[in-house]
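>>> Pasted the sequence and its predicted model underneath.
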Amino acid sequence: MSTEAIHDDHHDHKPSGIGRWLFSTNHKDIGTMYLIFALVMLFLGGASAMMLRAELWEPGLQIVDPDTYNNLLTNHALIMVFGAVMPAAAGMANWMLPMMIGAPDMALPRLNNLSFWLLPFAALMLILSFVVPHFGGGVPINTGWTLYPPLSLQAGIGMDFGIFTLHILGISSIMASINIVTTIVNMRAPGMTWFKLPLFAWAWLLTGLLLIMIMPVLAGGVTMLLFDRHFGTSFFDAAGGGDPVLFQHLFWFFGHPEVYVLLLPSIGILGMVVPTFSRKPLFAYKPLVYSMFFLTALGMVVWAHHQYTVGMSKEVTTYFMIGTILISIPVGYMLFSFIFTMWRGSMTFETPMLFAVAIVLMFSFAGVTGIMLAVVPADLQYHDTYFVVAHFHYALIPGALFGIYAGVFYWLPKWTGHMYDERLGKIFFWWTTIAFNLTFFVQHFVGLAGMPRRISDYSPVFTDFNQISSIGAFAFGASHFLFVWIIIKAVRGGKRAGDKPWDGAQVGNAGLEWALPSPPPFHSFTTPPVVK
């Protein structure tokens, strides 16, 4: 059947009303649903964080008991990782990848529909894991998102809901990844060779491959946990000859590459945003792609740097330490590539570019604290303190969440047909950036001074810094109401976006497309900036 015939067939059977969304196989509709779902979950996960920061306003227990505190912490992590960041990135992939590579749609449209509709049910299960223990008795999921035994062997029915939630989320992630990888490999337009792919497509190819490799390991780990809880096995129960540390290895074999699952799509978005607003092709495109491969491969083999305190041998910890430090090479290369793309470019600072610059600066800081945590003797002091919390929020909020914000503002004209309010966009950028730094920068200090994480009470000596952190957190949370208003305003109307809405980005006519061509023409520091 020809492409035209397929499209005609599509139009003849186009559902309308709610059926359009329930049964959609259109990549744009499914991408939109992913993005809306992610936005709702962002607020749900953010509300959990606000409860945590409210409890930590001063020493003592004011709002929640310790078990509920740790349950909120677990929910915050699982919702943000699986409910907000990953679906938002998947929504962008659904919307943009077919258009970037010249495909009519995703390779497996019905699988695409199923992979999305699993998510609301997983979210419902996660909410039930929070609600049911409070009505039916028993202990809620009080383990943190890592679900370590023996705590997870003792938790109540909420833990079972949590385990099934992870299974559903894992199935959804694997199906979406298979779809994206298949689309990129098999559905590129004629002439769209591998090294003409936009960086966003490369980022999602590697993200999809990573998810396909790591999600089954998490599924196996939580299934073994389920068997320990209900079927008399002793995989992780020391009383029956099991090893709780085995679960840590299984979890972190998933958990550390998951960090790169969150980061890589944002690197791909930076690869689109930075060249556009620098008026230059992406600097060193091919080495940047190779460095992403290097990052993906290294990310798979350094998981146990989260476990220096469990008693591994000196040789093993040395291996994980060196491997972790080596990750700074591809990450540093990516940051330098974006910096050199900006260098001598005709830069303008619209909201997407402001977020891109902020990512380069703040993620670099996360890299520095990451090196500190990679070194075994230092990490033994920092382990399970707020220094670690500060480090990974500096990695994931700029590295993942700010990347998504950059992508939303960059592609919002494409999605809605209208330009967003640039003035409000810049207010949102400065509001979130200042509030984020206010929240997490001081946590480095309380961590170095010895304040443990995942504890609902603390020594009065840490009160001042915790209050600064809570003020920043409340401000950060409040900024997202402005974010929603900017999106609603763009959807409802405003200045119409042209075919090339970032043409000249308000300074003349640079004739920029949605995606600059790759690979870029030959370019060195001595040539003038290339304006297409």
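Ah, there it is. Numbers count the residues shown, from 1 in each chain.
>>> Return the set of buried residues in stretch 21-33.
Neighbour-count burial for stretch 21-33, counted by 16 or more other CB atoms under 10 Å, picks out 21, 24, 25, 26, 27, 28, 29, 30, 31, 32, 33. Bear in mind the C-beta positions are built from the backbone N, C-alpha and C, glycine included.
>>> Other residues contacting that stretch?
For stretch 21-33, contacts defined as CB atoms under 8 Å, 6 or more residues apart in numbering pick out 15, 20, 90-98, 105-106, 109-110, 112-113, 116-117, 415.
>>> Next: stretch 45-58.
61-64, 69, 72-73, 75-76, 79-80, 83-84, 439, 456, 458, 463, 466-467, 469-470, 473-474, 477, 480.
>>> again, but for stretch 78-89
Against stretch 78-89 from outside (CB under 8 Å, 6+ apart): 34-35, 37-39, 41-42, 44-45, 48, 119, 122-123, 126, 145, 162, 165-166, 169, 173, 207, 258, 261-262, 265-266, 396, 400-401, 404.
>>> Please report how far residue 103 lies from residue 97.
7 Å (CB to CB, to the nearest Å).
>>> These two: which is more packed in?
Set residue 103 next to residue 97 and count neighbours by other CB atoms under 10 Å: residue 97 wins out with 25 against 18.
>>> Could I have the ChimeraX command that selects the buried members from the contacts of stretch 45-58?
Burial among the contacts of stretch 45-58 is assessed by 16+ other CB under 10 Å; the matching ChimeraX selection reads:
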select :64,69,72,73,75,76,79,80,83,84,439,456,458,466,469,470,473,474,477,480
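>>> mind listing which of the contacts of stretch 45-58 are in strands?
Among the contacts of stretch 45-58, DSSP state E puts none in strands.
>>> Generate a PyMOL selection restricted to the buried entries among the contacts of stretch 21-33.
Per 16+ other CB under 10 Å, the buried members of these correspond to this PyMOL selection:
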select buried, resi 90+91+92+93+94+95+96+97+98+105+106+109+112+113+116+117+415
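>>> Just the contacts of stretch 21-33: which are in helices?
Taking DSSP state H as the definition of helices, the contacts of stretch 21-33 contribute 20, 90-98, 109-110, 112-113, 116-117, 415.
>>> which parts of stretch 284-304 are buried?
For stretch 284-304, by 16+ other CB under 10 Å, it's 284-285, 288-289, 291-292, 294-296, 298-299, 302-304.
>>> Equivalent analysis for stretch 478-496, please.
Buried, per 16+ other CB under 10 Å, within stretch 478-496: 479, 480, 483, 486, 487, 490.
>>> among those residues, which two are most distant?
479 and 490 (17.0 Å; CB to CB).
>>> Count the residues that sit near the nearest residue to residue 470 once chain neighbours are set aside.
Closest residue to residue 470 apart from its sequence neighbours, by CB to CB, 6 or more residues apart in numbering: residue 53 at 4.2 Å. Neighbourhood size, residue 53 [other CB under 10 Å]: 19.
>>> The one 3 residues further on too?
Residue neighbour count, defined by other CB under 10 Å, stands at 23 for residue 56.
>>> Show the pLDDT at it.
Residue 56 carries a pLDDT value of 95.
>>> just the one 10 residues further on next, same as before
Residue 66 carries a pLDDT value of 90.
>>> just residue 421 next, same as before
Reading off the model, residue 421 has pLDDT 92.
>>> i'd like the first residue to be 645 from this point on
Taking 645 as the first residue, the last one we looked at is residue 1065.
>>> Backbone dihedrals for it, both of them.
When read as degrees, to the nearest 10, the backbone of residue 1065 gives phi -80, psi 110.
>>> Please tell me how far it sits from residue 766.
Using CB to CB, residue 1065 is found at 34 Å from residue 766.
>>> Need the nearest residue in space to residue 879, chain neighbours excluded.
Nearest to residue 879 is residue 868, by CB to CB, 6+ apart, at 4.3 Å.
>>> neighbours around that neighbour, how many?
Counted with other CB under 10 Å, residue 868 comes out at 19.
>>> Show the pLDDT at it.
96.
>>> contacting residues around it?
Neighbours of residue 868 in contact, by CB under 8 Å, 6+ apart: 877, 879, 880, 891, 894.
>>> got it, and residue 1087?
Listed by CB under 8 Å, 6+ apart, the contact partners of residue 1087 are 1030, 1031, 1033, 1034, 1037, 1109, 1113.
>>> Likewise for residue 1049?
999, 1072, 1073, 1076, 1127.
>>> Which residue ranges of the stretch 645-794 of the chain form helices?
Under the criterion DSSP state H, counting those that start in this stretch, helices of the stretch 645-794 of the chain are mapped to 647-656, 662-666, 671-699, 710-722, 730-745, 753-780.
>>> Can you say which of the ones you listed is nearest to residue 918?
Closest among the helices of the stretch 645-794 of the chain, using CB to CB: helix 730-745, at 16.2 Å.
>>> coming back round to it: among the contacts of residue 1087, which are in helices?
Filtering the contacts of residue 1087 for helices - DSSP H - leaves 1030, 1031, 1033, 1034, 1037, 1109, 1113.
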